[in-house]
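Undergrad: Structure for the following, please:
(chains A, B, C and D)
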There are 4 protein chains.
Amino acid sequence: MSEAKPLPTPAEVEAKLRRGPFHQWLGIKVLEVGEGTITLQATWREEWVVNVEGGYTHGGILASLVDLTADWALVSSTGRGVPTIDLRVDYHRPAGKGDLTAKGRVKRQGGQFSVAEADVFDADGKLVASGRGVYLTPKA
Amino acid sequence: MSEAKPLPTPAEVEAKLRRGPFHQWLGIKVLEVGEGTITLQATWREEWVVNVEGGYTHGGILASLVDLTADWALVSSTGRGVPTIDLRVDYHRPAGKGDLTAKGRVKRQGGQFSVAEADVFDADGKLVASGRGVYLTPKA
Amino acid sequence: MSEAKPLPTPAEVEAKLRRGPFHQWLGIKVLEVGEGTITLQATWREEWVVNVEGGYTHGGILASLVDLTADWALVSSTGRGVPTIDLRVDYHRPAGKGDLTAKGRVKRQGGQFSVAEADVFDADGKLVASGRGVYLTPKA
Amino acid sequence: MSEAKPLPTPAEVEAKLRRGPFHQWLGIKVLEVGEGTITLQATWREEWVVNVEGGYTHGGILASLVDLTADWALVSSTGRGVPTIDLRVDYHRPAGKGDLTAKGRVKRQGGQFSVAEADVFDADGKLVASGRGVYLTPKA
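TA: Numbering: from 1, shown residues only, chains lettered A, B, ... in the order given. Have a look, this model is predicted:
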């Protein structure tokens, strides 16, 4: 990150993200992009539910959000989504019906791979899941 | 696991799993259920793709499969899906278009929480992802 | 954390920590204790080295520091070290000869288990490792 | 692993491992080396203990064994210890006084990084911890 690249706008990042059909299905919107940070929103859908009685969102959806948010927190240097090497997610409380917000930040930018993390919040702003991934970020 | 419970049939486990809308969306079929083991299949759909050029399935789908397969590997003792405490997934190679098969097994059954793991294979039988979760399994 | 317990002093926490022979061997000093936070120091010793040419500290020492620092970040509510359920560590750069400083903080306090994390810095203040654990914290 | 390299002997691997002062301190012995597998032993010492009443070994020692055993499971292709990118450890039961045995195996060998895992057993052969690491294994 030695040279200052102009920061992409949320609309630019959202357009890139939404080329992916899974990102479209998750209804991803980009709310904010910073240097090594990002804030996303995902639009609730009935198919996310694991348990119809409780109405809880499946942990796989929360893991998907941790992964993609951490990955795209790197966008100010990568310019795009990059391959995930591994992912770790902690589940903090059940996520009920409603849109989810996710905040990502780079923990360590490296020349071969980078570590980034994300927190996922429910519609009431409560932390429902958080975690980290290692991403492949070779120097061009 | 001191008392032998009769092992549920794949059809019984599949019926329980498919109560969850997300499991339906993933097109989950149960191929085999053993003592602390399970084999599942997920039915490929266009919305899984992250990258339209490569046609690769999103890591979040693979994470979902690791989670639910490890969780349901515990079904011979839990009788149902249980809450995930945390999840870790390693990505081994890109998963192209095609159904995925996942094999789960219990690593350590405990009285408060249990560890189970899963491998996910593509339609050619190649390992695309693998990982582990910790699951809440309190004694009744 | 509904009731305000008086915060233990660094000297009180250090005395508890140093009952453990491994903590003594690591030369643990407690620099600061806050509500859900802690700062520790570990005193370099020759036996930490994995590679005599480079003089690098073994990743197991860094993992030990992540674990014990995250664990003791919970001390303002637990009053003691508690069992680790699982641990995840990212290695950011080699740690050369010199004392290490570790900062821990609680990510999510729960009634059965809690998540806490820690960063480990070398003598120059550079981040060498970071990670998270899940800890057993049943209500009394 | 396209070319068959002659497998190093346990004595050869032990000699390499014991160049590291931390490995000496752990009293590492190499019991078996296979293609992508290894079995090690660590010699109990008083300084491992975290809790003098229970006599339990610190989780950091178990994490160290998971890391180094998984790392050296790669030795049939790497020929040496390689850098750890990240490490994940599950704790299964307390480890009392006594030597520990660790069995490692490669999960996925790659051209840039590889995943390997390890199980750690107490003197009674009970599984006390297990886990995985990602290791840097660039092609020469």
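
Undergrad: The helix ranked longest in chain A and chain D in contact?
TA: Within chain A, and with DSSP state H defining each element, the longest helix by residue count is helix A:59-73. No - counting by CB under 8 Å from any CB of the partner chain, no contacts exist between helix A:59-73 and chain D, the nearest distance being 13.4 Å. Where you see a C-beta, it was placed from the backbone N, CA and C, and this is true even at glycine.

Undergrad: Remind me what that helix packs against, helices and strands.
TA: Helices and strands touching helix A:59-73, as assessed by 3 or more CB pairs under 8 Å, 6 or more residues apart in numbering or on different chains; DSSP states H and E, comprise helix A:10-17, strand A:37-42, strand A:84-91, strand A:100-108, strand A:113-121, strand A:127-136, helix B:59-73, strand B:84-91.

Undergrad: repeat that with 7 Å
TA: Helices and strands touching helix A:59-73, as assessed by 3 or more CB pairs under 7 Å, 6 or more residues apart in numbering or on different chains; DSSP states H and E, comprise strand A:37-42, strand A:84-91, strand A:100-108, strand A:113-121, strand A:127-136, helix B:59-73, strand B:84-91.

Undergrad: ok and that helix relative to strand B:84-91, angle-wise?
TA: When axes from the mean of the first three to the mean of the last three CA atoms, to 10 degrees is applied, the directions of helix A:59-73 and strand B:84-91 differ by 50 degrees.

Undergrad: Would you mind writing the CA trace of helix A:59-73 as CSV?
TA: Output in CSV follows, covering the C-alpha atoms of helix A:59-73 (Å, rounded to 0.1, in the frame of the first residue of the first chain):
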residue,chain,number,x,y,z
GLY,A,59,-24.8,-20.2,9.8
GLY,A,60,-23.7,-20.8,6.2
ILE,A,61,-25.2,-17.4,5.2
LEU,A,62,-23.4,-15.8,8.0
ALA,A,63,-20.1,-17.5,7.0
SER,A,64,-20.7,-16.4,3.5
LEU,A,65,-21.0,-12.8,4.7
VAL,A,66,-17.9,-13.0,6.9
ASP,A,67,-15.9,-14.4,3.9
LEU,A,68,-17.1,-11.9,1.3
THR,A,69,-16.9,-8.9,3.5
ALA,A,70,-13.3,-9.7,4.7
ASP,A,71,-12.3,-10.4,1.1
TRP,A,72,-13.7,-7.1,-0.2
ALA,A,73,-12.2,-5.1,2.7
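
Undergrad: now the angle from it to strand B:127-136?
TA: 120 degrees.

Undergrad: and the helix or strand following helix A:59-73, does that touch chain B?
TA: Downstream of helix A:59-73, the next assigned helix or strand under DSSP states H and E is helix A:75-78. No - applying CB under 7 Å from any CB of the partner chain, one finds helix A:75-78 out of contact with chain B, separated by at least 14.1 Å.

Undergrad: Enumerate every residue touching A:G27.
TA: Shown here is A:G27, whose contacts under the criterion CB atoms under 7 Å, 6 or more residues apart in numbering or on different chains are A:A42, A:T43, A:R45.

Undergrad: Give the helix, strand or coil label for it.
TA: Using DSSP: H, G, I helix; E, B strand; the rest coil, the structure places A:G27 in coil.

Undergrad: same question, A:H23
TA: When the rule is three-state DSSP, A:H23 gets the label helix.

Undergrad: show me the contacts for the residue lying closest to it once chain neighbours are set aside.
TA: What sits nearest to A:H23 in space, not counting adjacent residues and going by CB to CB, 6 or more residues apart in numbering or on different chains, is A:L17, at 4.8 Å. A:L17 makes contact with A:H23, A:I28, A:V30, A:W72, according to CB under 7 Å, 6+ apart.

Undergrad: Turn these into TSV, columns for neighbour count, pLDDT and distance to D:H58.
TA: What follows is the contacts of A:L17, written out as TSV (neighbours: other CB atoms under 10 Å in any protein chain shown; pLDDT from 0 to 100; distance: CB to CB, whole Å):
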residue	neighbour count	pLDDT	distance to D:H58
A:H23	24	98	43
A:I28	22	98	43
A:V30	22	98	44
A:W72	28	98	38
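
Undergrad: Which of these sits closest to chain B?
TA: Top of the list for closeness to chain B, among the contacts of A:L17 and by CB to the nearest CB, is A:H23 at 7.1 Å.

Undergrad: List, one by one, the residues from chain A near chain D.
TA: Proximity of chain A to chain D, by CB under 7 Å from any CB, involves residues A:I85, A:D86, A:R88, A:F113, A:V134.

Undergrad: So how do I select the buried members of these in ChimeraX?
TA: Of the residues of chain A next to chain D, the buried ones go into a single ChimeraX selection, burial set by 16 or more other CB atoms under 10 Å in any protein chain shown:
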select /A:85,86,88,113,134
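
Undergrad: can you redo the residues of chain A next to chain D as JSON lines with pLDDT and distance to D:K103?
TA: Below are the residues of chain A next to chain D laid out as JSON lines (pLDDT from 0 to 100; distance: CB to CB, whole Å):
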{"residue": "A:I85", "pLDDT": "98", "distance to D:K103": "24"}
{"residue": "A:D86", "pLDDT": "98", "distance to D:K103": "22"}
{"residue": "A:R88", "pLDDT": "98", "distance to D:K103": "23"}
{"residue": "A:F113", "pLDDT": "96", "distance to D:K103": "27"}
{"residue": "A:V134", "pLDDT": "98", "distance to D:K103": "25"}
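
Undergrad: what two of the residues of chain A next to chain D are the furthest from one another?
TA: Using CB to CB, the pair of the residues of chain A next to chain D lying farthest apart is A:R88 and A:F113, separated by 14.5 Å.

Undergrad: if we can go back for a sec, and the residue nearest to A:H23, how far from B:H58?
TA: With distances defined as CB to CB, to the nearest Å, the gap from A:L17 to B:H58 amounts to 11 Å.

Undergrad: what is in contact with the two at once?
TA: Counting by CB under 7 Å, 6+ apart, A:L17 and B:H58 have no contacts in common.

Undergrad: Near chain C, which residues of chain A are found?
TA: Within chain A, the positions near chain C by CB under 7 Å from any CB are A:R88, A:D90, A:H92, A:K107, A:R108, A:V115, A:L127, A:S130, A:R132, A:V134.

Undergrad: ok, the spatially closest residue to A:G81 that is not a sequence neighbour - how many residues close by?
TA: Ranked by CB to CB, 6+ apart and with sequence neighbours excluded, the top spatial neighbour of A:G81 is A:D71, at 5.4 Å. For A:D71, the neighbour count with other CB atoms under 10 Å in any protein chain shown is 26.

Undergrad: isn't A:D71 right up against A:T78?
TA: No - here A:D71 does not reach A:T78: they are 8.4 Å apart, not a contact under CB atoms under 7 Å.

Undergrad: Show the buried residues in the contacts of A:G27.
TA: Here the buried ones among the contacts of A:G27, as counted with 16+ other CB under 10 Å, turn out to be A:A42, A:R45.

Undergrad: would a markdown table of the contacts of A:G27 with pLDDT be doable?
TA: A markdown table is the format used below for the contacts of A:G27 (pLDDT from 0 to 100):
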| residue | pLDDT |
| --- | --- |
| A:A42 | 98 |
| A:T43 | 98 |
| A:R45 | 97 |
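
Undergrad: ok, the contacts of A:G27 vs C:V49, which is closest?
TA: Checking these one by one against C:V49 (CB to CB), the nearest turns out to be A:A42, at 46.2 Å.
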